[in-house]
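Peer 1: Predicted coordinates and the sequence they were generated for:
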Amino acid sequence: MTCSNPDFIWSNEYPVNRFAQGAFKTCLECLYKKLTKEHLISTKFGKPEKITYEFATKILNDHANAMWGLPKDTSRRIVYAIGGWESVLVRTGVWNEVDHHRKHDHNSTLVKSDVLEAVEFILRKEKLY
């Protein structure tokens, strides 16, 4: 089995969270184990897997270099992620105000209301807008 997203729940403007692919994977693993007495072998990719971020960094930096003529060996990286690296957390999706104020291993660099506000902030910070 291959999974692209380990998130257990997701939400949007609808007031109730919904089960995501991680919940489906958990259920499928339990059913498989019950039926076969074996563990289901699975592969996951997508966020938050390191290889996904490394690939995205390369593609985005190549694109930025082509757009703005930056040298290929530049140490400056114009890569931000909503939910990773120098991260900008957005108050949409599975945002939870109470959870945000708890101590986490991966605290965000800053918090913005939504993806548009985050992107506009990044463009202004990088003097691209």
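Peer 2: Right, received. Where do you want to start? Residues are numbered from 1 along each chain as shown.
Peer 1: Would you mind checking which helix or strand in the chain has the lowest mean pLDDT?
Peer 2: Counting by mean pLDDT, DSSP states H and E, the chain has its least confident helix or strand at helix 97-100, which shows a mean of 66.
Peer 1: Quick one: mean pLDDT for the next helix or strand after that helix?
Peer 2: Per DSSP states H and E, helix 97-100 leads on to strand 110-112 as the next helix or strand towards the C-terminus. The average pLDDT within strand 110-112 is 86.
Peer 1: Report the distance from strand 110-112 to the chain centre.
Peer 2: Strand 110-112 has its C-alpha centroid displaced from the chain centroid by 15 Å (CA atoms, centre = their mean, to the nearest Å).
Peer 1: Show me what it is packed up against.
Peer 2: Judged by 3 or more CB pairs under 8 Å, 6 or more residues apart in numbering; DSSP states H and E, strand 110-112 is in contact with strand 88-90, helix 115-125. Any C-beta I mention is one placed from the backbone N, CA and C, and that applies to glycine too.
Peer 1: buried stuff in that strand?
Peer 2: Lys112 (16 or more other CB atoms under 10 Å).
Peer 1: Sketch out the low-pLDDT regions of the chain for me.
Peer 2: 46-48, 70-84, 93-107 (pLDDT under 70).
Peer 1: just checking, what's the longest helix in this protein?
Peer 2: In the chain, with assignment by DSSP state H, the single longest helix is helix 50-68.
Peer 1: And it, what does it pack against?
Peer 2: For helix 50-68, there is no helix or strand it packs on, judged by 3+ CB pairs under 8 Å, 6+ apart.
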